[in-house]
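Undergrad: Quick check, what structure comes out for this input:
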Amino acid sequence: MQNNTYHFKLSPINFQKIVQRKRRLEIRLNNFKKSRLKYGDIIEFAKLPDIERRVKVMVIGVYKFDSFFEIFTKFSLDEFGFVNNYSKSEFIEECYSHYTKKQEREFGVIIIEFEILS
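TA: The predicted model follows:
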């Protein structure tokens, strides 16, 4: 099976966490595009706002959940690059600043585990 390349945009803070190797997981809605992600696929993250700076990663794991809260049955905040003083409720609030509860119910959540290529 052929590996695919995907292009995602990231906030400057989350982009920097990946570049500094402090973040190894990305969270997204499990919509049609993301539901096709698989081991070995390449993601090119572009730093917002100008999307000129980029980093390539290889997908090494894909995990599907029904809700943002359910993520914590498998992962901890530090795997997303958050420091100890950041709470799970703050993390979930941040997720809802990007996605609605309706979208969460409709699509579910996908966690993408990756390793940096460049």
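Undergrad: Contacts only, for D66.
TA: Contacts of D66 were listed using Cβ atoms under 8 Å, 6 or more residues apart in numbering, and they are G108, V109. C-beta: built from backbone N, CA, C; applies to glycine.
Undergrad: Quick check: phi and psi at it.
TA: phi -80, psi -30 (degrees, to the nearest 10).
Undergrad: how far away is it from E104?
TA: Going from D66 to E104 by Cβ to Cβ, to the nearest Å gives 8 Å.
Undergrad: Skipping adjacent residues, who's closest to I116 in space?
TA: V57 (5.4 Å; Cβ to Cβ, 6 or more residues apart in numbering).
Undergrad: how many other residues sit next to the one you found?
TA: Using other Cβ atoms under 10 Å, V57 has 22 other residues around it.
Undergrad: Could you identify the longest strand within the protein?
TA: strand 54-65 (DSSP state E).
Undergrad: Who does the most centrally placed residue in the chain form a beta bridge with?
TA: By Cα atoms, centre = their mean, the chain has its centre lying nearest to E26, at 1.5 Å. For E26, the beta-bridge assignment (DSSP bridges) gives partners I112.
Undergrad: Am I right that it is in contact with F114?
TA: Yes. E26 is in contact with F114 according to Cβ atoms under 8 Å; the separation is 6.9 Å.
Undergrad: joint contacts of those two?
TA: Joint contacts of E26 and F114 (Cβ under 8 Å, 6+ apart) are I43.
Undergrad: So what touches the lowest-mean-pLDDT helix or strand in the chain?
TA: Ranked by mean pLDDT, DSSP states H and E, the helix or strand of the chain with the weakest confidence is helix 32-35, at a mean of 86. With Cβ under 8 Å, 6+ apart as the test, helix 32-35 has contacts from Y6, R28, I110, I112.
Undergrad: list the contacts for the closest residue to L48 other than its chain neighbours?
TA: Distances taken as Cβ to Cβ, 6+ apart put K9 closest to L48, at 5.3 Å, once the chain neighbours are dropped. By Cβ under 8 Å, 6+ apart, the residues touching K9 are F45, A46, K47, L48, I51.
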